[in-house]
Structure formats: structure tokens, C-alpha cells
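>>> need the 3D shape of this:
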Amino acid sequence: MLRIRMWGFFYRPANVPPPNSLAVRNLLRGRNLGLPAGQDVARCMGFRPLSKEDISTGQDGNVAAQFGFDVKSPLWYYILKEAQIQGNGVRLGDVGSRILAEVFVGLIEGDRNSFLSRCSQWTPILPSEKPGTFTMTDLLRFVGNANPIGD
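From the prediction side, this is the model:
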């Protein structure tokens with residue numbers, strides 16, 4: 001009889017040691033949690049998913065294609081590959097950025113002590129091109145040449 005032990009977020013046979021690689025752990029965790037493929041998430045968010053050719057590039061490309069990641073990429077891998085392709089490995093791509101932004105917004109909205117929860121009617125009063133609206137472009141115009149993160 002095969003004994004199964006709970007390890008992290010996934011099950012493994014009792015006689016098999018847990019993987020030592022964080023990458024393998026992330027891939028297994030995503031699979032066992034039933035996360036959708038990165039391409040499906042991109043489509044659902046209204047983005048054009050990375051192509052098979054995009055995913056097949058780089059040192060990892062052949063291995064990715066071998067395992068079918070070029071068609072259905074695990075979400076974690078897809079976000080990393082998207083950052084490599086769209087953000088030159090320095091910034092997140094479309095899907096990764098959106099997920100990160102939605103997590104932060106959810107945390108702020110869920111915190112009853114956050115500024116937005118306590119002052120839900122607040123709106124910026126800085127000058128805007130369209131009265132009654134305020135966009136990120138308006139904020140960038142307002143700060144002018146200031147670069148808060150430097151070059």
C-alpha cells in the first residue's frame with residue numbers, strides 16, 4: 001500500500017524526499033493547487049499571450065517545449081518568462097504586473113484601517129486634463145521631471 005504524506009501544499013509518496021529546488025516546489029504547488037496556465041490567464045485578462053516561439057527562447061526554451069510549457073505554461077513559469085520577454089528580465093510583464101497590482105489593491109481594500117477604507121470618498125484635487133478625472137498621466141505631469149526611483 002502506498003502511503004501519502006502532506007508536504008507543503010502537495011502530496012507525495014511517503015518514501016520520496018521533498019524536492020530541494022524552489023523552482024520545482026513552485027511548479028508542483030501550482031499544479032496541485034489547480035492554477036490555470038499562464039496563457040489562459042493572459043487571455044482572460046484581455047492580453048495577447050506569449051507565443052510558442054517566445055516561450056521556446058533562451059536557455060530554458062527547449063526544456064519548456066519538451067514539457068509542453070510553450071502551449072500551457074505553469075503560471076509561475078509564465079510570469080517569469082513574460083518578464084524576460086516583455087520587461088527584459090528587469091520588470092514584470094502584463095500578467096505579472098496585473099496580478100501584483102490586484103493583490104495590492106485587494107490588501108488595501110481589505111484593510112479597514114487603510115486610508116482608502118477610512119476615506120472612501122477621497123479623490124485627488126491636483127490639476128487634470130479632464131475635470132472630474134485624475135489619471136496616472138496627470139500625476140506624472142504634476143511631478144514633472146522628478147524620478148522617485150532614480151536611473
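
>>> longest helix in this structure, please.
The residue-count maximum for a helix in the chain (DSSP state H) belongs to helix 94-110.

>>> who are the packing partners of that one?
When contacts are defined as 3 or more Cβ pairs under 8 Å, 6 or more residues apart in numbering; DSSP states H and E, helix 94-110 packs onto helix 38-44, helix 75-86, helix 115-118. From N, CA and C alone the C-beta is placed, and that goes for glycine too.

>>> check these for me and report the most buried one.
helix 75-86 (a mean of 21; mean count of other Cβ atoms under 10 Å).

>>> and the angle for that helix with helix 94-110?
Going by axes from the mean of the first three to the mean of the last three Cα atoms, to 10 degrees, helix 75-86 is angled at 120 degrees with respect to helix 94-110.

>>> residues in contact with helix 75-86: which ones?
Contact partners of helix 75-86, identified using Cβ atoms under 8 Å, 6 or more residues apart in numbering, comprise 26-27, 30, 35-39, 41-42, 50, 54-55, 57-58, 60, 64, 69, 73, 89-96, 99.

>>> also stretch 41-53?
Applying Cβ under 8 Å, 6+ apart, the contact partners of stretch 41-53 are 36, 38-40, 65, 70-71, 73, 75, 78, 81-82, 85, 94-95, 98-99.

>>> mind redoing it with 10 Å?
Applying Cβ atoms under 10 Å, 6 or more residues apart in numbering, the external contacts of stretch 41-53 come out as 35-40, 55-57, 61, 64-65, 69-71, 73, 75, 78-79, 81-82, 84-86, 93-96, 98-99, 102.

>>> before we move on, back to that, quick check on the contacts of helix 75-86: which are buried?
Among the contacts of helix 75-86, those classed as buried by 16 or more other Cβ atoms under 10 Å are 26-27, 30, 37-39, 41-42, 50, 54-55, 57, 64, 69, 73, 92-96.
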